[in-house]
Every structure is written in C-alpha cells, then in structure tokens.
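Engineer: Here is a sequence together with a model predicted from it:
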Amino acid sequence: MHKRVMEVAAPDEGLIVALEEMVRYVRHSATAGGLSTAASATLGRLGREGPHRLTDLARAERATQPNMTQLVTRLERAGLVRRVADASDGRGVLVEITDAGEEMFRQRRAERANALEALIEELTEAERRAVEVALPALARAIQEGQANS
C-alpha cells in the first residue's frame, strides 16, 4: 500500500519571515539564567518530558552525543540537571531536571509567555482569534510529524 503524499503550496515568503521574526522575538525574550538556545531547549525538554538517556536527548535535540555530553555537563555544574541511575537498566544513566532547573524552566516559559502576550495584545480581535486557532494547529502538526519520524 502506497502512502499518499499531498502536495501543498509553499507558504509565501512573508509568512516565513513573520514566523522567523516571531520565534526570534519570543526566544530572545527569555533571559533568565543567560542560557544558550541549545541549553534552554534541552532544559525545556527535560522539564516537559521528564528524564532522558543522554543518547535519546542528543537525538531529540538533533545534537551530536559529544556536544550533548558537554551541554549536560555545563547544566549539571550550574545545578540545573543531574545524572541518575536508570531504574529499568542498572547500567544506564538518565539526565533529569533539578528543582533549580524546574524553576529556571518556569521563569523562562513565563518570560516567553509574557512576550507572546504583548505581541497578541497588538492584534485586532479577528487576528487574535486567527492566532488562537493557527498556533495550536501548527503545534499539533509538528508533534504529529515528530511522532511519525
């Protein structure tokens, strides 16, 4: 059985530029802890999804294992994550977020939420409704795409 592929028109350049600007604006609004983009993304994943093996974390964040090892070591030194034994495999090690890491994750998420809220306040009512429908739909498409890959 062949998988049907639907051809979709590419978004116009204006939409792409708008999305890039929005992501950059929201990403840069999170300044708590002075984390890099990679460190923030890794901490966020651990905060949302729970402990991961280092190899799985590297794969999920599309990083090499040596780079992820260095990043986790920096986060560990900062007290934001810790390595713990994997209860399901005594030889394995998991990386988990600490209480300090959870607090940093919450602060950064609040900063991003405030930045997004400020942007949305500038919109008309019709634009707000469109954003409230479009953004969750795009997030769902991303999650489904990641689940299928």
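Structural biologist: Structure's in. What do you need?

Engineer: Would you confirm that Gly79 belongs to a helix?
Structural biologist: No. Counting by DSSP: H, G, I helix; E, B strand; the rest coil, Gly79 is not found in a helix; it is coil.

Engineer: Count the residues that sit near the spatially closest residue to it that is not a sequence neighbour.
Structural biologist: Spatially, and ignoring its direct neighbours in sequence, Gly79 is nearest to Ala100 (4.8 Å; C-beta to C-beta, 6 or more residues apart in numbering). Bear in mind the C-beta positions are built from the backbone N, C-alpha and C, glycine included. By other C-beta atoms under 10 Å, 14 other residues sit near Ala100.

Engineer: From Ala30, how far out is Arg53?
Structural biologist: Distance, Arg53 to Ala30, using C-beta to C-beta, to the nearest Å: 26 Å.

Engineer: Remind me which helix or strand the spatially most central residue of the chain belongs to.
Structural biologist: Geometric centre of the chain, nearest residue: Ala41, 4.6 Å, by C-alpha atoms, centre = their mean. Per DSSP states H and E, Ala41 falls inside helix 37-49.

Engineer: Give me the buried positions along that helix.
Structural biologist: 39-47 (16 or more other C-beta atoms under 10 Å).

Engineer: Sketch out the low-pLDDT regions of the protein for me.
Structural biologist: Where the chain drops to pLDDT under 70, the residues are 1-11, 149.

Engineer: what about the helices in the protein?
Structural biologist: 13-29, 37-49, 54-60, 65-77, 99-121, 125-147 (DSSP state H).

Engineer: Brilliant, that's me finished.
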